[in-house]
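*Asks:* how would this look folded up:
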Amino acid sequence: ALGQAEGKSWVWKGKVLLDEGEGTEKDLCIVQLSDGGADAVCCREFSLKNKQFVEGGFTLPECKSTIAYKDRDTLLVGTEFPGRSDSMTDSGYPRVICEWKRGTELTAAKEVYACKKQHIGAHAWVDQDHGETYEWYYTSLTFYTSEKFLRRHGHGSGEMVKLQVPDDDSPSTFGDQLLLKLRKAWQPAPSCAEFPAGTLLAFKVEEALAGDFASPKVLFQPSETRFLQRSPYTTTKNYVLLHLFDNVIDKVECWRYDATTRSWNNEGELSVGSGGGIAALDPSGVDDSSTDQFWLTTSSYNQPTTLMLADASKGVNAPTEPLKSLPAMYDASKVTVQQFFATSADGTTVPYFQCGPAAIDKPTPTLLYGYGGFEISLTPVYAATVGCAWLEHGNVYVHANIRGGGEFGPAWHQAALREKRNKAYEDFIAV
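*Replies:* Got it, this is the predicted structure:
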């Protein structure tokens, strides 16, 4: 309706919500719209209470902008500022971040951060996190590396500090803790051991801001078979729920944080998906400012995708509440899901999922699929087309977890890059 009224082919590109902390109403957001689906977006302030755009509110014309609320009447904006020829990087993304006050012209916005022209771009945002307020500034050096600056409101001098962490890692916060998943091996301090890629560490924020990384809490360290997934965790009010693989079987591990003693306690793995079933699990916190409930989406090759509600505070063995499931689209009564392992040309063990009859005693048509790229893992998924067109007829379908994906952490991905790309094909052939 909006596009028709304005004569535009508007495509939804997202929203930026005003978050003023726990117990506050979320009543404003910045809506991002693209004309025809281009990368550049128009930004308009929208009232969630009145269900309409704010008259005289914040607006930005079409540009590859970055935008976030600092408070109700201030935005952190990176865009093509009028009258400035140095607003954007050579890559066409914002170079300068300014504070823009409500009711003022964009030309009056005050510069607070900038990167170099040759960098990819700069962006900024504010996090309200378990009673803490954090102000983040990033410089993207490349598409895979960045410099990170952090300001913690209400503590100490409140100055913006560059975090002395690896430039290919993306830190986040959980209350007064800094969480860091390593993409490469890292020794945080001379007194510490070196932690391998895929480790998840927690630090006290005030120590990290002071450059002191000597006392990490290890929330997860990979083994030969156990690795964090690409989206490694979700959070609730008191828990960090780790999303991990154990030989490419999904697991969810629950860590409880006690803010009073500033201590972590591992409460174990969720029992969902156990008992021999092979299913993908996707946890997502409902609202980490107020509850320990989380959504849990499950999907399997022979079971439709199901949405459940769980509560981390009730223990890892507490029952989950199924809320809704997609309808069954094919007869899966004779489809059994099994996991096997092949040996690649260089001796590497390569797992794969096999769907089809439980027992196969004769040559059977088999469809083999693999990906092996961008650290993307192939996990169980309910595919109606494969079921109707292939599995219902007694055939076999195989997902091969070849190198280049993320099934065994960053190293599994890096093992099939550039001059080692042949490893992915060797794995596929072995399966």
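
*Asks:* contacting residues around the helix-or-strand element of the chain with minimal mean pLDDT?
*Replies:* The helix or strand of the chain with the lowest confidence, counting by mean pLDDT, DSSP states H and E, is helix 409-414 at a mean of 89. With contact meaning CB atoms under 8 Å, 6 or more residues apart in numbering, helix 409-414 is reached by 183-184, 197-198, 222, 227-228, 374-375, 403-406. Quick note: C-beta positions are derived from backbone N, CA and C, even for glycine.

*Asks:* how far off centre is it?
*Replies:* 17 Å (CA atoms, centre = their mean, to the nearest Å).

*Asks:* what's the following helix or strand after it?
*Replies:* Per DSSP states H and E, the first helix or strand lying C-terminal to helix 409-414 is helix 422-430.

*Asks:* now that next one: buried residues?
*Replies:* K423, A424, Y425, E426, D427, F428, A430 (16 or more other CB atoms under 10 Å).

*Asks:* counting contacts, what elements does that helix pack onto?
*Replies:* Packing contacts for helix 422-430, counted by 3 or more CB pairs under 8 Å, 6 or more residues apart in numbering; DSSP states H and E, involve strand 336-343, strand 366-370.

*Asks:* mind putting the ones you listed into a markdown table with mean pLDDT, mean neighbour count and distance to E419?
*Replies:* Listed next are these as a markdown table, based on pLDDT from 0 to 100; neighbours: other CB atoms under 10 Å; distance: least, CB to CB, whole Å:
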| stretch | mean pLDDT | mean neighbour count | distance to E419 |
| --- | --- | --- | --- |
| strand 336-343 | 96 | 14 | 22 |
| strand 366-370 | 97 | 15 | 20 |
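
*Asks:* could you export those to JSON lines, including columns for distance to A68?
*Replies:* Output for the helices and strands packed on helix 422-430, formatted as JSON lines (distance: least, CB to CB, whole Å):
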{"stretch": "strand 336-343", "distance to A68": "43"}
{"stretch": "strand 366-370", "distance to A68": "39"}
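
*Asks:* looking at the ones you listed, which is closest to E206?
*Replies:* strand 336-343 (44.9 Å; CB to CB).

*Asks:* list the contacts of V77.
*Replies:* L60, S65, T66, I67, I97, C98, E99, W100, L106, A109.

*Asks:* quick one, helices of this protein?
*Replies:* Taking DSSP state H, the helices of the chain run over residues 2-6, 205-209, 384-389, 409-414, 422-430.

*Asks:* most packed of those?
*Replies:* Sort the helices of the chain by mean neighbour count, taking mean count of other CB atoms under 10 Å, and helix 409-414 sits at the top with a mean of 20.

*Asks:* what distance do you get for G154 to L209?
*Replies:* Going from G154 to L209 by CB to CB, to the nearest Å gives 13 Å.

*Asks:* ok, for F203, nearest residue in space, not its chain neighbours?
*Replies:* Distance criterion CB to CB, 6 or more residues apart in numbering; nearest residue to F203, sequence neighbours excluded, is L178 at 4.6 Å.

*Asks:* identify the residue spatially nearest to I376, adjacent ones excluded.
*Replies:* Spatial nearest neighbour of I376, excluding adjacent residues (CB to CB, 6+ apart): G405 at 5.6 Å.

*Asks:* now that neighbour: how far from T349?
*Replies:* Taking CB to CB, one finds G405 at 14 Å from T349.

*Asks:* which one of these two has more residues nearby?
*Replies:* Between G405 and T349, counting by other CB atoms under 10 Å, G405 is the more crowded of the two (25 against 14).

*Asks:* which residues does the more buried one contact?
*Replies:* Contact partners of G405, counting by CB under 8 Å, 6+ apart, are Y371, G372, G373, F374, E375, I376, S377, L378, W412, H413.

*Asks:* what pLDDT does G276 get?
*Replies:* If you check G276, the pLDDT there is 45.

*Asks:* need the phi and psi values for P304.
*Replies:* phi -60, psi 150 (degrees, to the nearest 10).

*Asks:* and the pLDDT at it?
*Replies:* 93.

*Asks:* for it, which non-adjacent residue is spatially closest?
*Replies:* Per CB to CB, 6+ apart, closest to P304 is L326, 4.1 Å.

*Asks:* pull up the gap between the one you found and T366, please.
*Replies:* For L326, the distance to T366 (CB to CB) stands at 26 Å.

*Asks:* ok, now K423?
*Replies:* K423 is 22 Å from T366, by CB to CB.

*Asks:* equivalent analysis for S223, please.
*Replies:* Counting by CB to CB - S223 and T366 are separated by 31 Å.

*Asks:* how about K64?
*Replies:* Taken as CB to CB, the span from K64 to T366 is 46 Å.

*Asks:* cool, R421 as well?
*Replies:* Separation of R421 from T366 (CB to CB): 25 Å.

*Asks:* check contacts around the nearest residue to K49 once chain neighbours are set aside.
*Replies:* Leaving out its chain neighbours, the residue that sits closest to K49 by CB to CB, 6+ apart is D27, at 4.7 Å. Applying CB under 8 Å, 6+ apart to D27 gives the contacts L18, S47, L48, K49.

*Asks:* in a markdown table: the helices of the chain, plus distance to T336.
*Replies:* Below are the helices of the chain laid out as a markdown table (distance: least, CB to CB, whole Å):
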| stretch | distance to T336 |
| --- | --- |
| helix 2-6 | 48 |
| helix 205-209 | 49 |
| helix 384-389 | 13 |
| helix 409-414 | 27 |
| helix 422-430 | 22 |
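
*Asks:* compare the ones you listed and give me the one nearest S215.
*Replies:* Of the helices of the chain, the one closest to S215 (CB to CB) turns out to be helix 205-209, at 6.7 Å.

*Asks:* list the contacts for I360?
*Replies:* By CB under 8 Å, 6+ apart, the contact list for I360 reads V396.

*Asks:* how about 6 Å then?
*Replies:* Shown in contact with I360 (CB atoms under 6 Å, 6 or more residues apart in numbering): no residues.

*Asks:* measure it to G394 for me?
*Replies:* According to CB to CB, I360 and G394 sit 10 Å apart.

*Asks:* now P171
*Replies:* 50 Å.

*Asks:* those two - which one has more neighbours?
*Replies:* Shown here are P171 and G394; by other CB under 10 Å, P171 has more neighbours (18 against 13).
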